[in-house]
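**Q** fold the following.
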Amino acid sequence: MQIVRLEGHESTVLDATFSADSTHIASASIDHTLKIWDISRSACVGSLSAEGFVQCVAWGGEIAYAGDTRGNIVSLDRRTSVQRTDLIKNDSMVNTIHVYRSGGTIITGDHKGYLKTWDLRQVKMPIDVTANGNSGELQQESQSRDSDPVSYISVARMGNEEGRYMAVNCYDNGKSA
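**A** All right, here's what the predicted structure looks like:
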């Protein structure tokens, strides 16, 4: 096993993940950046500056998606370095993110305790919102409720099926599936 140190972030790295082909790593940092690293060259090949701390990152094909503390979901394409800093604006900080294999749908877990499903072709509003196991549209009065922030999402991939089972962790350490 070879250990390589990738240097370039100016502060703590909060999340990192391999691309599907294991040739690149995407990293999220408190320094407000999402970076893409070429493993074979041990070099940063793309960087995006976000508004807030970049807390989570996930790959969708050739594109790294990340969520920040200002509620933004941003993206960086590893082939072209095309940056999208205005992709999705959530109403609270994004703590965790999952990109479906198709690359067209993402799920986010946020500080208000919501799981939101987003269609990347039409990102003005989430296509589904779940809180405390109840699916449905956001209600204005419930947006300010106190709930346990979602800290992590893990989606089971079984064959060609994805998203049937999901494990969710909240900051209160409660887990549901």
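
**Q** which stretches of the protein aren't confidently modelled?
**A** 132-146, 172-177 (pLDDT under 70).

**Q** residue boundaries of the helices in it?
**A** Listed in chain order, the chain contains no helices at all (DSSP state H).

**Q** tell me which residues touch the most centrally placed residue in it, please.
**A** With distances taken as C-alpha atoms, centre = their mean, residue 97 lies nearest the centre of the chain, 2.8 Å away. Residue 97 sits next to 56, 57, 58, 65, 66, 67, 73, 106, 107, 108, 109, 153 when contact means C-beta atoms under 8 Å, 6 or more residues apart in numbering. Backbone N, C-alpha and C define where each C-beta goes, glycine included.

**Q** and it, how far from residue 5?
**A** 25 Å (C-beta to C-beta, to the nearest Å).

**Q** re earlier: neighbour-wise, which of the contacts of residue 97 leads?
**A** residue 67 (31 neighbours; other C-beta atoms under 10 Å).

**Q** just checking, that one touches residue 52?
**A** No - here residue 67 lies out of contact with residue 52, judged by C-beta atoms under 8 Å, at a distance of 9.0 Å.

**Q** overlap of the contact sets of those two?
**A** Between them, residue 67 and residue 52 share the contacting residues residue 93, judged by C-beta under 8 Å, 6+ apart.

**Q** one step back: roughly how far does the residue nearest to the centre of the chain sit from residue 16?
**A** For residue 97, the distance to residue 16 - C-beta to C-beta - is 13 Å.
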